[in-house]
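Q: my questions are about this predicted structure, shown below with the sequence.
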Amino acid sequence: MVADAICIDGISKRFGRIQALQSVAFAVPAHSIFGLLGPNGAGKTTLFSIVANFLKADAGRVEVLETDARQASLLQGRLNILPQDAQFQRNVPILDQLVFFRELEGSSRAQARDEVRQTLKQVGLESYAKRRVGSLSHGMIKRLGIAQAFLGTPEVILLDEPTSGLDPANARQIRDLIKQLQARATIVVSSHNLAEIQELCDHVAILDHGKLVFAGSVDQINRADCEYQLTLSRALQPDEGQRITALDGIRQIKTAPAATTADAEGSCDYLVTFETAQDDRDLDASIAALLRALLDMEAVPRSLSRGRSLEKHFLEVTKSANHTENNPATPDNPPDTNTRP
Amino acid sequence: MSLRDFHMRHLRLVSAYWTRYAVRGGAGLVYLLLALFFGLMVAHLTLSPLEQKIRELSKTHGADEKQIVNELVETARPIVQWILDSKPQEDPAKPAPESYPTAGGGPMGPFTTSTPDAWTRYLLNERPALLSGIFLILLFGMPFIISVLGFNQTAGDIQSRGLRYLMLRTDRSNIYFGRFLGSVIFSTLVTAFLVATITLYVGLKFRIYSTGALTVWALIGFGAISILMLPYLAVCTAISASVSSPFLALAAAKLVIVGVPVAALVGKHSWEPIKNIKYLLPWGIQNYLLHPEWTHYLGAAAGCLGYTLVFLLLGYAWFQRRDL
């Protein structure tokens, strides 16, 4: 069994004057659910397309299951993809199109029909098998795309925004399917829904303006700097903040980035940093002291969770990349050292 | 392209799928209708004067169909000679030469005739003349129509990115050549239907040719048209694989197929050698697919296959490298 299902090494791609990807390199561990994140235009779809050999890279090399991605068709049935914005043939019945795909992957026609019906059932389209694609809604076509990506027994599945355009129930169904598939496949998901990526993925890579700004495990983000997210019923006064930082084992408390603070009910989000040298027992004591102090101040803790959210991390690293690009570091303009792990 | 990438099962699957859904895709349906309309219209225009004359004569003193056909054939002889690009005999009453045209290096190309009237005599006297006339017009006209079938082999799916569903399941070579093969099969089926319909009508309506003569000539005509469609389809395949817009592919295919003979025809008046531009496509050799000498027939067929191979490989070289 291979350790890394996908190895991306120094991939660059330029479209005219636009540098879509610049020396991107990371690996996707086998049997992981890997999230590919980035703002619009970061290069996620371009990277997917290069991995699947739809686009040719200007430089670098991609290996999928130890096969050069430029020979991706040799992987017949081992690598599947849900491409973004790719259209099915509108006038051909769903069943016929998917059966054709499975036949190309080596199934006999009868076997392919069974497999397709089973997969369509998984995505809730079994009763539409004989319908033409042109008669399906946007959400149904999305599910059809997912069905073709799940067809057969692929070892690597690339899903480009799999739940965009789906209603919450269907999105949940697809997320559950992805989790089930993890046992037998490596899945790479690109999405703008960071909560979804955090729920699904164990590893992520973040692209920004064609550059890789982070690659690692979600756990690594969660545990970074021994930070806790704290939601309080009200905002703390400056002197209250000072009293908290004076407690043993607490290094810092600061307001969470405004963009990620949900305060519809008047609650406020904080990031609390504990001393990293503490063992678990000391840490528990520090947390207990913190909670007691807050209750004494009548600032009721509504939630306390370990680590920063992926969303906060994403905003920090992409903001940092933009900040560095737009405001090069100078003696008068030092780089923001808090925004990268 | 390596042999490893070429997968016979995939080629068969892709071509069968492409043939099966050609009509549903739209382009196949339009081609089918246009080809049938054009073919049957040509047959109608060729046969209706004959039918009318027979009707007129039968009202008065009975009609000898064979004689009427012979009269019409004599009327059509100069036209056929012009189509074949050969010079008329000085004296029509003079008996026809014994030998058929042979290859030479004259101004008309590689198969220039040394006895220009013999080829016409072969088509109009030795073979069922009515079918010969129709086949000659079809050989001239069908290349203009074939682009309707061939232009959207890949361009539409490149634009809609639908090709991406296939590309992880089979190699680009199988998609490219499989779809070409599918188009060839569809075009051949349409040609077979068209030729069979026309032959059947001629056979039933005018009982002047034996069934054997009609069948043999129909098969030769069907073969000629089918072979001729290959290079033109290959041009369309190459163009379709090179651009990402079906409209642009159709316009380019039309422009190339129509533009080459028009440029040769118009350009030669200002500069004689420019007429050779017609050899960019099989325009200069295609009539030899109805030639009496089998060496000429084989030469023309081999030429068509050569054109096909060159166009296909040029298109494939680009298709293999390009972003899809």
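A: Now that the structure is in, tell me what you want to look at.
Q: so which residues on the stretch 51-200 of chain A come close to chain B?
A: Neighbours of chain B within the stretch 51-200 of chain A, by C-beta under 8 Å from any C-beta of the partner chain: A:52-56, A:72-77, A:79-81, A:83, A:85-89, A:91-92, A:96-97, A:100-101, A:103-105, A:148. The way it works is simple: take the backbone N, C-alpha and C, and place the C-beta from them, glycine included.
Q: tell me the SS of residue A:271?
A: strand (DSSP: H, G, I helix; E, B strand; the rest coil).
Q: what's across from it in the sheet?
A: residue A:229, residue A:254 (DSSP bridges).
Q: just the residues of the stretch 51-200 of chain A next to chain B: which are in strands?
A: Of those, the ones assigned to strands by DSSP state E are A:79, A:80, A:81.
Q: care to break chain A down by domain?
A: A:4-221, A:224-306 (automatic domain parsing).
Q: same question for the shortest one, mean pLDDT?
A: What domain A:224-306 shows for mean pLDDT is 81.
Q: now swap in the longest one and tell me
A: Here domain A:4-221 scores 90 as its mean pLDDT.
Q: which residues of the stretch 151-300 of chain B lie near chain A?
A: Near chain A, when you scan the stretch 151-300 of chain B using C-beta under 8 Å from any C-beta, you find B:160, B:161, B:162, B:164, B:165, B:166, B:167, B:168, B:169, B:170, B:171, B:172.
Q: distance to residue B:257 for the domains of chain A - can I get that in TSV?
A: Shown next, in TSV, are these (distance: least, C-beta to C-beta, whole Å):
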stretch	distance to residue B:257
domain A:4-221	26
domain A:224-306	59
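Q: okay, those, which one's buried deepest?
A: When you average the neighbours per residue for each of these (mean count of other C-beta atoms under 10 Å in any protein chain shown), domain A:4-221 leads with a mean of 19.
Q: just the terminal-to-terminal distance for that one.
A: The straight-line separation of the ends of domain A:4-221 (C-alpha to C-alpha, to the nearest Å) is 21 Å.
Q: OK, contacts around residue A:219?
A: Taking C-beta atoms under 8 Å, 6 or more residues apart in numbering or on different chains, we find residue A:219 in contact with residue A:202.
Q: most remote residue from the middle of chain A, which is it?
A: Most distant from the centre of chain A: residue A:296, at 39.6 Å, with distances by C-alpha atoms, centre = their mean.
Q: from chain B, how far out is it?
A: When distance is defined by C-beta to the nearest C-beta, to the nearest Å, residue A:296 is 61 Å away from chain B.
Q: strands of the chain, start to end?
A: No chain in the question, so chain A it is. Going by DSSP E, chain A shows strands at A:4-15, A:18-29, A:33-37, A:59-64, A:67-68, A:79-82, A:156-160, A:186-190, A:203-208, A:211-217, A:227-232, A:250-255, A:268-274, A:301-306.
Q: poorly predicted segments of the stretch 51-200 of chain B, please.
A: By pLDDT under 70, the low-scoring segments of the stretch 51-200 of chain B are B:61-63, B:85-116.
Q: re earlier: show me the residues of the stretch 151-300 of chain B next to chain A that map onto helices.
A: If you go by DSSP state H, these have B:164, B:165, B:166, B:167, B:172 in helices.
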